[in-house]
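Asks: sequence plus the predicted model coming up.
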Amino acid sequence: MKFEDAKKELIEFGIKLVEHNLTKGTGGNLSVYDRDKKLMAITPSGIDFYEIKPEDIVIMNMDGEIIEGVRKPSSEWHMHKIIYENREDIDSVIHAHTTFATVLATLRWELPASHYMIAVAGPNIRCAEYATYGTEQLAENALAALEDRYATLLANHGIIAGSYDLLNAFNIIEEIEYCSEIYYRAKSIGEPVILDDQEMELMGRKFKTYGQRKSNK
């Protein structure tokens with residue numbers, strides 16, 4: 001992985017989060033991981049996505065040491081790090097403060113299989129137990145809720161998703177936010193019908209090839 005290219009992608013997808021109304025202000029963070037070098041590139045803390053420059057992206061090792069960059073890394077770097085250390089199938093992570101997924105997270109509800117598109121991340125989307133932002137406890141809670149999934153809600157906080165590249169991590173965030181809105185609206189007028197496990201297993205198999213670009217790695 002060339003970190004010069006990774007830095008540009010992190011900035012590009014950070015801006016897309018705002019443009020697609022998937023986060024507000026400086027809320028949220030993105031990272032990519034180079035498994036060969038065991039280094040993580042992550043967005044800086046508290047800088048507007050439109051103002052982040054390539055030199056603002058922070059390169060860290062898995063001990064939490066800054067290898068390159070003068071900015072403070074995102075306060076949620078623990079959450080990104082623990083995912084890379086424990087999930088070999090995830091090399092890109094996006095955390096965002098989306099509206100409807102966060103509504104469910106404030107209720108501490110899971111997102112059930114009310115729409116087949118939830119299969120981009122799993123048969124359902126769990127809600128991780130609450131912990132203060134930026135803490136190792138939050139990182140551990142998120143990792144536990146991500147077991148066999150590619151996204152989880154963060155109680156009273158937002159959503160985090162991972163995939164093999166930023167394009168697919170972004171796609172997961174966007175689709176789960178859409179499904180969260182549909183579930184929210186359906187709950188407001190009735191009780192959504194939940195797809196059964198057999199159907200979601202089928203969707204999981206179909207989604208391994210449908211509608212996803214292959215990684216350039």
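Replies: Cool, the structure landed. Residues are numbered from 1 along each chain as shown.

Asks: which stretch of helix or strand covers the most centrally placed residue in the chain?
Replies: The residue lying closest to the centre of the chain (C-alpha atoms, centre = their mean) is Ala161, at 2.3 Å. Secondary structure from DSSP states H and E places Ala161 in strand 158-163.

Asks: same check, this time on Leu30
Replies: Using DSSP H and E, Leu30 sits in strand 29-34.

Asks: give me the next element, helix or strand, following that strand.
Replies: Counting by DSSP H and E, the next helix or strand C-terminal to strand 29-34 is strand 39-42.

Asks: so after that following strand, what's the next helix or strand?
Replies: As assigned by DSSP H and E, the chain's next helix or strand after strand 39-42 is strand 58-61.

Asks: circling back to that earlier point, please identify the buried residues of the next helix or strand after the strand holding Ala161?
Replies: Using DSSP H and E, the next helix or strand after strand 158-163 towards the C-terminus is helix 166-189. Judged by neighbour count (16 or more other C-beta atoms under 10 Å), helix 166-189 contains these buried residues: 166-184. Any C-beta I mention is one placed from the backbone N, CA and C, and that applies to glycine too.

Asks: helix or strand right after helix 166-189?
Replies: Heading C-terminal from helix 166-189, the first helix or strand you meet, by DSSP H and E, is helix 197-206.

Asks: mean confidence for that next one?
Replies: Helix 197-206 comes out with an average pLDDT of 94.

Asks: pull that helix out as CSV, backbone CA atoms only.
Replies: Below are the C-alpha coordinates for helix 197-206, written out as CSV (Å, rounded to 0.1, in the frame of the first residue of the first chain):
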residue,chain,number,x,y,z
ASP,A,197,-32.7,-16.5,9.2
GLN,A,198,-32.9,-18.7,6.1
GLU,A,199,-33.5,-15.8,3.8
MET,A,200,-30.7,-13.7,5.4
GLU,A,201,-28.3,-16.6,5.0
LEU,A,202,-29.2,-16.7,1.3
MET,A,203,-28.7,-12.9,1.1
GLY,A,204,-25.4,-13.2,2.8
ARG,A,205,-24.2,-15.7,0.1
LYS,A,206,-25.6,-13.6,-2.7
